[in-house]
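> no FASTA, just this:
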């Protein structure tokens, strides 16, 4: 037990250094503040110990002092706030061309699916030095995807997608924890993040034979009959989906939304909610008819209709997660 | 041991036979049907101590399980029930009532010069509602319990767990009503029942603190009440408000839940701050530094406390912009607390400080609350929060405030006012020892948890066999918990002992300021022989110590 | 009860201290009245927060699913809702009359006003019962047998409401009106007690506090309905 007694988590991502820097700053600042207070406490307690014949001196207060010790802490707090906000922005803004991995959480396991089609359970292989964006949803209750070594965490919700991203900096195996209580085996919902050298990773990813996720999605698109209305010309009863992903969409009710993962998902499961302008409300809902993995595959397929080559979303000048469209209710903004 | 010099008692101790609220009537019904706020306070004292034992017992089992990485003491479901029940019992049946229902009930009328609270019968109703809620919770625990965490997030609590959510929810609902009625009583009493001359600016800061607490109780508790109703409706009547399959939003639950539960933590700490203010003033023999600032900071905490709830949800799926707003406001709410700490410290300056047990608890409070509060700055920083939320860092933070802060304040207050409540003095030597044991045990229990949290150990894990490197810190924490337990047992033993064998107390053994010390210990049923007329400012220690410039008397 | 109604601080009392209605811990009747009044207002503030949480949930979902909520709102009986609104407004009038009657020692008017208030309250509950039954028959009660197919969204021909979102509307409808009805039932209980006290002649111009604060409570329940009615019944209604 005693030979493995770390007191600080490993730094294995680009975010980790930022978070640790802020943490150390906070340790220093709060350390100094508490030392100051404790020093005064101890000093006053000793120096002004009751002595017979020496009464206490009644001091009403001092507005100047009150203002000083309000203003200075407030300024310090604002520095901490601003620094924390900056780190947070970085952490919540996935780079435009990050590799995407789909995650489906369920009691009590993590199901991971790479865009290339490789599937994993409770494990996630990634290459070192590459931006990876996780697009996550839950099949049942709220979970949370937590990688301490990367200093990132994001709750995974039923009914919508949430996103987190990282770039691993050190090969190795790191803890993955579920960090939102989810029932009996909450503490068993743990796994490994396996960070590999690029060559090793290529070997691993090519070992799978299920084919890319988008190809699976294309199959489902045909099997469910989507292709009958969503033709690749203007004659279809439904919108042509070529080039749609990531672009603004005009809705029947006048609003404009961005066709991101949550929007596509919503169209499949609740077509009437955000109907596209100029089309009849005849699309049936597929709620209950498709699994989360199938939805992920369809989303991947529709994304592929917008990309001339992989990782092309950057050309559209926005990322699907940090879209500048107004934040939609219903979580359609993938934050 | 060297204590203060011999006391020229300001008044002669009365013989115990003098009629007071304890001996006025005997018999079970004279207690169960009492409307005397002082007797009701003691009824609460017994009940919350009972629940403290229950919650503490669950804590003991949790820490025992966590001694080893494997889940080998209890099963997973049992452990999940243990931490849930520990949280629910400690929050709703111990911490929230503790100081207001015991010390507040006893002291508010006395401190303002009234004969009772504005609504004595509602006060008794309050206690009965608490008991009913408590019995319901006990029954729920004995017949299977709940395993959702005290936060009972949807959709787990609404659609996925098979445990007795509706019953536990109703128990909390009923206890919440008790809390609302207590707050109502205090607000009306403080507004309408002050003795002549007792202006707002002459009120003890204990009263200001309880006033602020009552505002929160009144405005916040109904929101969790309706949240519980919605969860119960969803479970029992299939009225799915939070069900994502219907288009419902699990985050709506979280917003509604935290809208109360964040202000709730201020319900738990503000009264303790009030207690500590009284103690520091008395044992420094001087007026609190910055009276108005301390008074208004209590109000500011109550107001701002309602504006920060979503800092519990930074990684829950709220937008970046929401997160920014709530982070900023969380720093704003930290400021009034910081101001209080500085004012307390400044009060010590040029004071005449005595180290009796209440003051040791106050010192302990200052140290532990400062650390707990400072770690709140960590949590409010968005970049850090992402890493440490839902880990032991948060657990350590809130235990520093609620146990290191609120419970220390409660114990300090119990020691300070024990002579008034019981008419007896507790044994000072044992009390100082207990204060020290609590302080040491507490730090040993909870400081390692900050380290565990930053390392990444998540909360609510009963099995950490995938991360055996966490064991050393967990063992330290459990060791500390046993020490802490001893520290808590000691006062229970010697308080009971003192009721029979303690030295009789005079009216004002501490020579403290405040109207409660101007009547007998224990007080007569109607508090004062004659209605007080107040012509002096609060904390008039200069006047109190003036006749005895040579020897400043305190207790013993 | 043990501690009540005992003597006050000193024997020289004001004449009112012999007023049997003055409780021992108050110095004078005005203080007691003020305390009761403030107490009721504070309690009503807590009720505002209680219903407020529900209104918040409702407003959020209504904004998200406006069309579906409009369709669902169309299906609840606006006529009955409007009638109930009129019933409650009338009952508030009778409550005001009751308070005035108590202030001016008009015992008969007081009894009649209290009785009519209760009658109107019962009428309200009866009409509510009819509405609920209508919903039950139409399978609009959330649960296993809920059904809301092919209901058009007002103003959007050819578009049908999403039954799942409609179910959310009905869940909120039943919780909100149900809790309101529960408060109404409690109000009826309070007024029954007031009626009995009035019958026994307990209220005088000097002391009729229960009538006043009971009246405050009733007015509050009325106001909650005045918000509920347009929010629930009148979404996107067109002539």
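Happy to help now that I have it. Note that this is a predicted model, so its numbers are computed, not measured. Residues are numbered from 1 along each chain as shown, chains lettered A, B, ... in the order given.
> run the chain-centre distance for stretch A:113-125.
The chain centre lies 17 Å from the centre of stretch A:113-125; the measure is CA atoms, centre = their mean, to the nearest Å.
> if you could redo that for stretch B:37-45, that was the one I meant.
Distance, centroid of stretch B:37-45 to centroid of chain: 16 Å (CA atoms, centre = their mean).
> so which elements touch the lengthiest helix in chain A?
Longest helix in chain A, counting residues (DSSP state H): helix A:14-47. Judged by 3 or more CB pairs under 8 Å, 6 or more residues apart in numbering or on different chains; DSSP states H and E, the packing partners of helix A:14-47 are helix A:63-92, strand A:162-167, helix B:320-348, helix B:357-380, helix B:382-388. The way it works is simple: take the backbone N, C-alpha and C, and place the C-beta from them, glycine included.
> centre of the chain versus the second one, how much separation?
For strand A:162-167, the distance between its averaged C-alpha position and the chain's averaged C-alpha position is 4 Å (CA atoms, centre = their mean).
> check the longest one too.
Going by CA atoms, centre = their mean, the spacing between the C-alpha centre of helix A:63-92 and its chain's C-alpha centre is 26 Å.
> strand A:162-167 and that helix, what's the angle between them?
80 degrees (axes from the mean of the first three to the mean of the last three CA atoms, to 10 degrees).
> buried residues in helix A:63-92?
A:66, A:69-70, A:73, A:76-77, A:80-81, A:83-85, A:87-88, A:91-92 (16 or more other CB atoms under 10 Å in any protein chain shown).
> what's next to the helix or strand just after that helix, contact-wise?
Next along the chain after helix A:63-92, taking DSSP states H and E as the criterion, comes strand A:99-106. The contact list for strand A:99-106 (CB atoms under 8 Å, 6 or more residues apart in numbering or on different chains) reads A:110-115, A:124, A:126, A:130-140, A:143, A:145, A:156, A:178, A:189, A:213, A:292-293, A:296, A:299-300, A:303, A:311.
> just the buried ones out of those residues, please.
Counted by 16+ other CB under 10 Å, the contacts of strand A:99-106 give A:110-115, A:124, A:126, A:131-138, A:140, A:143, A:145, A:156, A:178, A:189, A:213, A:292-293, A:296, A:299-300, A:303 as buried.
> what's the closest of the buried residues of helix A:63-92 to chain C?
residue A:92 (23.0 Å; CB to the nearest CB).
> from the chain's centre, how far out does whichever strand or helix holds residue B:47 sit?
If you go by DSSP H and E, residue B:47 is part of helix B:37-65. Remark: helix B:37-65 is offset 12 Å from the chain centroid, using CA atoms, centre = their mean.
> what are the buried residues along it?
Within helix B:37-65, the residues that qualify as buried are B:37-45, B:47-48, B:51-52, B:54-56, B:58-63, B:65, counting by 16+ other CB under 10 Å.
> low pLDDT regions in chain C?
C:1-19, C:239 (pLDDT under 70).
> show me where it has its helices.
Using DSSP H, helices in chain C cover C:29-64, C:66-74, C:78-103, C:107-137, C:163-199, C:209-233.
> how far away is the spatially closest residue to residue A:170 that is not a sequence neighbour from residue A:120?
Excluding the flanking residues, the one nearest residue A:170 by CB to CB, 6 or more residues apart in numbering or on different chains is residue A:12, at 4.6 Å. The gap separating residue A:12 from residue A:120 is 18 Å, by CB to CB, to the nearest Å.
> returning to what we had before: so which of the buried ones among the contacts of strand A:99-106 sit within strands?
Secondary structure from DSSP state E places A:110-114, A:124, A:126, A:131-138, A:143, A:145, A:156, A:178 of the buried ones among the contacts of strand A:99-106 in strands.
> buried set for the helix or strand bottoming out on mean pLDDT in chain B?
None of the helices or strands of chain B scores lower by mean pLDDT, DSSP states H and E than helix B:541-545, at a mean of 89. For helix B:541-545, the neighbour count (16+ other CB under 10 Å) marks B:541-542, B:544-545 as buried.
> need those in TSV (columns: distance to residue B:463).
Shown next, in TSV, are these (distance: CB to CB, whole Å):
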residue	distance to residue B:463
B:541	56
B:542	61
B:544	58
B:545	59
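> nearest to chain C, of those residues?
For the buried residues of helix B:541-545, the nearest to chain C is residue B:544 (24.8 Å; CB to the nearest CB).
> can you give me the end-to-end span of stretch A:175-189?
Length of stretch A:175-189, first residue to last, CA to CA, to the nearest Å: 11 Å.
> tell me which of the helices of chain C sits most buried.
Burial of those is given as mean neighbour count (mean count of other CB atoms under 10 Å in any protein chain shown); helix C:66-74 ranks first at a mean of 23.
> what's the angle from it to helix C:29-64?
Using the same axes, to 10 degrees, helix C:66-74 lies at 120 degrees relative to helix C:29-64.
> neighbour count: residue A:12 and residue A:120, which is higher?
residue A:12 (24 against 18; other CB atoms under 10 Å in any protein chain shown).
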